[in-house]
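Peer 1: Would you be able to build a 3D model of this:
(one chain, ligands or ions: 3)
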Amino acid sequence: MHDLVNPEASAALPHHVAIVMDGNGRWAKQRFLPRVAGHKKGVDALRRCIKLCSARGVKVLSVFAFSSENWRRPPDEVAYLMELFTFVLRREVPKMVADGVQLHVVGEREHLSDRIKAALVRAEQATAHCERLVLNICFNYGGRWDVVQAANQLVQAQQPITEAALASKLALAHVPDPDLLIRTGAEHRLSNFLMWQCAYSELYFSDVLWPDFDEAHFDQALASFAGRERRFGMLPEQMASASTASPTPNHLIPC
Ligand code: IPE
Ligand code: IPE
Ligand code: MG
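Peer 2: Ligands and ions are numbered 1, 2, ... in the order given. Okay, the predicted model is just below:
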């Protein structure tokens, strides 16, 4: 999936939305609650967002749930996040199947506990046949880890490292690159999320804390996307002629 232009994304609606779900801790702090209460509430916001993606016709949703660097947090918060993830994976599977959500857990798995590994494999298997929405939960994920693991796969297979070969080994190789990246929580950075894949994503930053991110906020992000002019290095008139041709014209495929 190394093409910069995703032929399935219409001008108005992103095919793939990626979200850095940030602000859980501050949401809880504002209410004099422990930080973990914000994480729990954040799960409700994720459920809401999954529904909205299906309702609006977004086909792929990738969310950042735990970064490679989040291990640096206090051990009790890390332990809570591990438990919450396992619990949510188990509880939500029947609902995901009913809603046609195909789950992929994306990230480094080796250092996760056996319980989490078992829960995530079960959840992935149970939802593998679902086709309405692909949900990638990035857990113990880092963009740098992703590029390094992809490069290592190529080295081991003695394959030359090219953009296309590397992209084919990245953790999100099963979906086109994100069209729209949303970050909530008023921070304006990637924090090591999908750094390769977001090379040409439209970026949208919201001050809203993740547990409060609702339908209206989501629709504001979609509306902002619909107003963007994506050019992928070309001129606007080239993009206009490219969008009327189909499928992806060769001249849009990067060398
Ligand atoms: C994002 O919320 C969730 C995770 C990183 C697991 P935070 O926990 O980072 O919330 P803030 O940024 O401290 O408010
Ligand atoms: C990014 O948020 C990771 C997730 C949302 C899972 P962080 O809160 O960890 O990011 P920084 O530390 O503020 O950059
Ligand atoms: Mg944060």
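
Peer 1: For the chain, which residues are neighbours of ligand 1?
Peer 2: Contacts of the chain with ligand 1, taken as C-beta under 6 Å from any ligand atom, map to 21-26, 66, 70, 81, 185. To be clear about C-beta, it is placed using only N, CA and C from the backbone, and glycine gets the same treatment.

Peer 1: In the chain, what residue spans correspond to helices?
Peer 2: With helices called from DSSP state H, the chain shows them at 24-30, 35-56, 75-99, 114-127, 143-156, 163-169, 215-226, 236-244.

Peer 1: Tell me which of those lies nearest to residue 14.
Peer 2: helix 215-226 (5.4 Å; C-beta to C-beta).

Peer 1: re the thing from before, redo the helices of the chain as TSV? Include mean neighbour count.
Peer 2: Listed next are those as TSV, based on neighbours: other C-beta atoms under 10 Å:
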stretch	mean neighbour count
helix 24-30	19
helix 35-56	18
helix 75-99	15
helix 114-127	16
helix 143-156	15
helix 163-169	15
helix 215-226	16
helix 236-244	12
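
Peer 1: Save those as JSON lines, and put in mean pLDDT and distance to ligand 2 too.
Peer 2: JSON lines is the format used below for the helices of the chain (pLDDT from 0 to 100; distance: least, C-beta to the nearest ligand atom, whole Å):
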{"stretch": "helix 24-30", "mean pLDDT": "98", "distance to ligand 2": "8"}
{"stretch": "helix 35-56", "mean pLDDT": "98", "distance to ligand 2": "9"}
{"stretch": "helix 75-99", "mean pLDDT": "97", "distance to ligand 2": "9"}
{"stretch": "helix 114-127", "mean pLDDT": "97", "distance to ligand 2": "16"}
{"stretch": "helix 143-156", "mean pLDDT": "98", "distance to ligand 2": "11"}
{"stretch": "helix 163-169", "mean pLDDT": "98", "distance to ligand 2": "23"}
{"stretch": "helix 215-226", "mean pLDDT": "98", "distance to ligand 2": "16"}
{"stretch": "helix 236-244", "mean pLDDT": "80", "distance to ligand 2": "32"}
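
Peer 1: Contacts for stretch 141-153, please.
Peer 2: With contact meaning C-beta atoms under 8 Å, 6 or more residues apart in numbering, stretch 141-153 is reached by 64, 66-69, 106-108, 161, 166-167, 169-172, 190, 192-196.

Peer 1: ok, now with 7 Å
Peer 2: Stretch 141-153 is contacted by residues 64, 67-69, 106-108, 161, 166, 169-171, 192-196 when judged by C-beta atoms under 7 Å, 6 or more residues apart in numbering.
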